[in-house]
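In: predicted model, plus sequence, below.
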Amino acid sequence: MAITFGVPLPADVTFQISTRAVQIARELAPKETGAGASALTPNSSEGVIGIGVGGADYMLYQERGFEPYVMEALSGLTIPIRTPGGGIVFRRVKPGSPGTPKIVSRDERGVLTASKLQWVHPGLTGQHFIQQGLQQALQEWMDTVGGKALVTSLKGTEYRKLIDVLETGI
């Protein structure tokens, strides 16, 4: 799996940009063990820059994020939960309980003051480190090349006829 963007540049340039983008994305990526960041690889071809995630598909969830959801698949299972002190307790998920309200607190008269849904994953905000890496690498490349170098690069793509017309006025 990869995240890619189309850019009108030849393969050697897109490889150079993608390689730099991987370096940047690895610096920005979340790292618990570093395995996900290490799995990022350049993914390019003529007209395409990108970053692949290798076998670390979970990095796409880190990149894009996801909405909260009810964890229905836990019904009937026993789940180990780590306590703040480092211990482990086991909770059995009753069939039908994921997504049902759970009373969290009541006032002194027994009136419900707070509740939450049981077994709901809170979701994850996307970190967009791959997108940022690609954008920054492309910007760095554009900042380093002059107008003539850009025209030369575009001549190595499907836009060469357009560049010829613009140069010759024909």
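Out: Nice, I can see it.
In: hmm, R64 and T125 touching each other?
Out: No - at 9.8 Å, T125 does not count as touching R64 under the criterion of C-beta atoms under 8 Å. To be clear about C-beta, it is placed using only N, CA and C from the backbone, and glycine gets the same treatment.
In: could you list the domains of the chain?
Out: 2-66+125-168, 69-122 (automatic domain parsing).
In: possible to save the ones you listed as a markdown table with mean pLDDT and mean neighbour count?
Out: Converted to a markdown table, the domains of the chain look like this (pLDDT from 0 to 100; neighbours: other C-beta atoms under 10 Å):
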| stretch | mean pLDDT | mean neighbour count |
| --- | --- | --- |
| domain 2-66+125-168 | 87 | 16 |
| domain 69-122 | 90 | 11 |
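In: three-state assignment of Q131?
Out: Here Q131 is recorded as helix under DSSP: H, G, I helix; E, B strand; the rest coil.
In: please apply the same query to the one 3 residues further on.
Out: Of the three states, L134 takes helix according to three-state DSSP.
In: show me what contacts the residue nearest to it when sequence neighbours are not counted?
Out: Ranked by C-beta to C-beta, 6 or more residues apart in numbering and with sequence neighbours excluded, the top spatial neighbour of L134 is A21, at 4.6 Å. Shown in contact with A21 (C-beta atoms under 8 Å, 6 or more residues apart in numbering): 42, 49, 51, 130, 133-134, 136-138.
In: and if we set it to 7 Å?
Out: Each residue near A21 by C-beta atoms under 7 Å, 6 or more residues apart in numbering is listed here: 49, 51, 133-134, 137.
In: which ones are touching the nearest residue to A37 once chain neighbours are set aside?
Out: Using C-beta to C-beta, 6+ apart and skipping the chain neighbours, the partner closest in space to A37 is A29 (4.0 Å). Taking C-beta under 7 Å, 6+ apart, we find A29 in contact with 36-37, 40, 129.
In: likewise for G36?
Out: Neighbouring residues of G36 by C-beta under 7 Å, 6+ apart: 29, 56, 58-59, 62.
In: again, only this time at 6 Å
Out: Contact analysis of G36 by C-beta atoms under 6 Å, 6 or more residues apart in numbering lists 56, 59.
In: give me the three-state assignment for it.
Out: Here G36 is recorded as helix under three-state DSSP.
In: now for the closest residue to M71 other than its chain neighbours: which residues touch it?
Out: Spatial nearest neighbour of M71, excluding adjacent residues (C-beta to C-beta, 6+ apart): W119 at 4.7 Å. Taking C-beta under 6 Å, 6+ apart, we find W119 in contact with 71, 74, 98.
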